[in-house]
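J.: Need coordinates for the below:
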Amino acid sequence: MATALHKFCIVLILAMAAASTTPGQQPKMKLAKIEIEGLQRLSSEQVITVSELEIGQTVDIAAIDAASQRLMDSGLIKKLSYKLHPNGNQTTGIVKIEEARGEESLVIFDNFVWFSDEELAAAVRREVPFFNGITAPDVGNITESITHALQLFLSEHKIAGKVEYMPASDNPGKQEHIFTVRGASLPICALHFPGAKNVDENHLIKSSEKLMGIDYSRRFAGLFAANNLFPIYREVGQLHATFGPPTASFGKDANCKDRVEVTIPVDEGAIYSWEKAEWSGNQALVSQQLETLLGMKAGEVANGLKFDQGMVAVRKGYGRKGFIAAGLRSSPEFDDAARKVTYRIAIKEGPQYHMGNLIIKGFPDSAAKLLRETWALKAGDVYDQGYPKEFFDKTLGDVMKKVIEESRAQGKKGVPRIQSREQPNRDTLTVDVTIELSS
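T.: As a prediction, the model looks like this:
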């Protein structure tokens with residue numbers, strides 16, 4: 001930005017100096033015409049409006065410099081330079097710009113329950129004429145201008161509250177511009193889910209009880225639906241179900257007076273059945289073993305939660321074979337005509353680990369001896385990641401009984417606690433297991 005402004009000022013000073021008739025006086029000229037070069041998404045009118053220059057205006061170096069800075073601060077322009085073509089006491093300004101590309105994010109009016117998004121966008125455009133009502137640049141000072149415009153709009157309508165801006169990102173590389181009114185009481189009193197058919201709306205309402213009574217936030221309500229209600233649809237095979245942006249209004253009946261009713265539209269989508277899984281990268285476990293662990297059957301409803309549990313079982317299956325770092329990546333392929341889904345599951349098995357050392361800490365000698373004698377995995381054996389739990393379930397009860405009896409005989413109070421942990425060693429491909437007793 002500094003380089004562009006510097007070049008511009010040099011050109012401008014020379015041009016104006018040539019047109020100056022009074023030595024030592026800052027030259028001024030009437031702006032007869034403005035030409036914008038490099039336009040792609042923006043219009044000339046938008047650029048000129050942001051610059052705040054006007055045809056017929058008398059300009060000097062300070063005025064042009066300020067206009068240039070306003071353009072750069074808007075976030076719409078990445079680079080710019082000017083040339084002036086003076087003619088007597090008039091000049092034509094040629095502005096060459098490079099627009100900022102792909103650096104815009106969604107604007108969310110989070111809890112402006114009093115107004116529609118269209119009304120809010122119109123209010124913002126009074127202060128930010130180029131605002132498209134949907135997105136805003138990620139750089140520049142536009143978010144400050146939007147905040148100011150929204151605050152003015154609230155004041156005009158005598159609504160108490162302070163408008164605050166917060167950038168937010170739920171996914172890497174995806175930012176949102178969130179504008180929220182702080183200090184307003186907007187408790188949720190009712191929920192509606194238009195579009196709910198296969199899943200009863202009352203079930204969705206009951207599953208959303210945590211929203212009731214809290215202050216409304218469009219962003220939070222949307223995230224809640226995606227994280228807490230979408231799994232309900234995944235369980236019944238509606239893997240493409242989506243929730244629209246929440247909307248809110250003040251309640252009309254007595255039970256909801258001065259509180260907020262929230263509507264979250266849902267598009268349930270088709271119910272898919274399971275067709276098959278296609279495995280790749282597996283060597284330690286054959287496809288038939290993986291199918292058994294996954295537990296999905298051809299023709300049944302493609303239960304997304306059951307699939308998740310099956311993937312956990314597959315990882316555990318690899319862990320029992322010593323492949324404790326195995327990675328799984330799944331991608332669905334939908335046959336919309338037949339309403340079936342196939343999952344391609346790529347496996348990266350990684351190295352096989354073996355048992356390292358069994359480390360016993362804090363136990364009396366007799367109990368430590370019993371633990372070592374009972375522990376079946378020997379150093380060098382293929383590590384079975386499921387074995388420690390089985391060991392604790394079957395053996396630890398008897399050991400702890402003896403430990404507690406001995407502790408009581410010594411007059412100690414309290415119940416001892418047992419902690420266990422795995423310590424994989426990537427260099428030796430071994431796993432040390434520590435079992436520690438603490439009071």
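J.: Sketch out the strands for the stretch 201-350 of the chain, chain order is fine.
T.: Assignment of strands within the stretch 201-350 of the chain using DSSP state E, counting those that start in this stretch yields the ranges 242-243, 247-250, 260-263, 266-267, 273-280, 327-335, 340-348.
J.: send the alpha carbons of stretch 55-72 over as CSV?
T.: C-alpha atoms of stretch 55-72 as CSV (Å, rounded to 0.1, in the frame of the first residue of the first chain):
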residue,chain,number,x,y,z
ILE,A,55,-17.0,15.4,-10.4
GLY,A,56,-16.6,19.2,-10.2
GLN,A,57,-14.8,19.0,-6.8
THR,A,58,-11.8,21.2,-6.3
VAL,A,59,-9.0,18.9,-5.3
ASP,A,60,-5.4,19.2,-4.0
ILE,A,61,-2.8,16.7,-3.0
ALA,A,62,-4.3,16.2,0.5
ALA,A,63,-7.7,15.5,-1.0
ILE,A,64,-6.5,12.9,-3.5
ASP,A,65,-4.2,11.3,-0.9
ALA,A,66,-7.2,10.9,1.5
ALA,A,67,-9.3,9.4,-1.3
SER,A,68,-6.6,6.9,-2.1
GLN,A,69,-6.3,5.9,1.5
ARG,A,70,-10.0,5.4,1.8
LEU,A,71,-9.9,3.0,-1.2
MET,A,72,-7.1,1.0,0.3
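J.: before we move on, the earlier item: so which of the strands of the stretch 201-350 of the chain is the most packed in?
T.: strand 260-263 (a mean of 20; mean count of other CB atoms under 10 Å). Glycine gets a C-beta too; all of them are placed from N, C-alpha and C.
J.: so how far is that strand from its chain's centroid?
T.: In terms of CA atoms, centre = their mean, to the nearest Å, the centre of strand 260-263 is set 24 Å apart from its chain centre.
J.: ok, now stretch 263-277?
T.: Distance, stretch centre to chain centre, for stretch 263-277: 22 Å (CA atoms, centre = their mean).
J.: Grab the CA positions of that stretch and hand them over as CSV.
T.: What follows is stretch 263-277 as a C-alpha-only set of coordinates in CSV (Å, rounded to 0.1, in the frame of the first residue of the first chain):
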residue,chain,number,x,y,z
THR,A,263,-37.3,-21.1,13.4
ILE,A,264,-34.7,-23.5,11.9
PRO,A,265,-35.8,-24.9,8.6
VAL,A,266,-34.7,-28.4,7.7
ASP,A,267,-34.3,-30.2,4.4
GLU,A,268,-34.4,-33.9,5.4
GLY,A,269,-33.3,-35.3,2.1
ALA,A,270,-33.5,-39.0,1.0
ILE,A,271,-33.2,-42.0,3.2
TYR,A,272,-30.2,-44.1,2.0
SER,A,273,-29.6,-47.8,2.4
TRP,A,274,-26.2,-49.4,2.9
GLU,A,275,-24.7,-51.0,-0.2
LYS,A,276,-21.2,-51.9,0.7
ALA,A,277,-17.7,-50.8,1.9
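J.: Poorly predicted segments of the stretch 251-400 of the chain, please.
T.: Scanning the stretch 251-400 of the chain for pLDDT under 70 picks out no residues.
J.: Mind jotting down where the helices sit in it?
T.: Taking DSSP state H, counting those that start in this stretch as the test, the helices found in the stretch 251-400 of the chain are 287-294, 304-319, 365-374, 387-391, 397-409.
J.: With mean neighbour count and distance to Ala67 added, can I get the ones you listed in CSV?
T.: Formatted as CSV, the helices of the stretch 251-400 of the chain follow (neighbours: other CB atoms under 10 Å; distance: least, CB to CB, whole Å):
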stretch, mean neighbour count, distance to Ala67
helix 287-294, 16, 64
helix 304-319, 18, 55
helix 365-374, 14, 79
helix 387-391, 15, 70
helix 397-409, 14, 79
